[in-house]
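Trainee: Only the shape, not the letters, is given here:
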């Protein structure tokens, strides 16, 4: 069965997040995920595609997210983590 583009993106993102979790990172930012996808698959994801995948996975209950508290003038970050069942 051939996966569609969005399914391949979701599969790649989940693969990277699983590897990060296994290496000890419980949460990661979208930037960290995009760097992981680029290193693992040799492809740079556009942020529109990445945020679509993250949002879809969160709606399905596969991921959770939280916003970091604002520190100084730096923009806040959103952290994602895999749901363990």
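Mentor: Everything's here; your move. Worth saying up front: this structure is predicted, and the values here are computed from it rather than measured. Residues are numbered from 1 along each chain as shown.
Trainee: In this structure, what residue spans correspond to strands?
Mentor: 28-29, 63-67, 78-82 (DSSP state E).
Trainee: mind putting the ones you listed in JSON lines, mean neighbour count and mean pLDDT included?
Mentor: Just so you know, the C-beta spots here come from the backbone N, C-alpha and C atoms, and that holds for glycine as well. Output for these, formatted as JSON lines (neighbours: other C-beta atoms under 10 Å; pLDDT from 0 to 100):
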{"stretch": "strand 28-29", "mean neighbour count": "16", "mean pLDDT": "92"}
{"stretch": "strand 63-67", "mean neighbour count": "13", "mean pLDDT": "95"}
{"stretch": "strand 78-82", "mean neighbour count": "17", "mean pLDDT": "94"}
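Trainee: Those into CSV, with extra columns for distance to residue 54?
Mentor: Listed next are the strands of the chain as CSV, based on distance: least, C-beta to C-beta, whole Å:
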stretch, distance to residue 54
strand 28-29, 10
strand 63-67, 7
strand 78-82, 6
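Trainee: Nearest to residue 4, out of these?
Mentor: Proximity to residue 4 (C-beta to C-beta) singles out strand 63-67 among the strands of the chain, at 19.6 Å.
Trainee: who touches that closest one?
Mentor: Residues from elsewhere that reach strand 63-67 (C-beta atoms under 8 Å, 6 or more residues apart in numbering): 17, 27, 54, 57-58, 76-83.
Trainee: Between the residues you listed, which sits nearest residue 44?
Mentor: Once C-beta to C-beta is applied, the member of the contacts of strand 63-67 that ends up nearest residue 44 is residue 54, at 15.9 Å.
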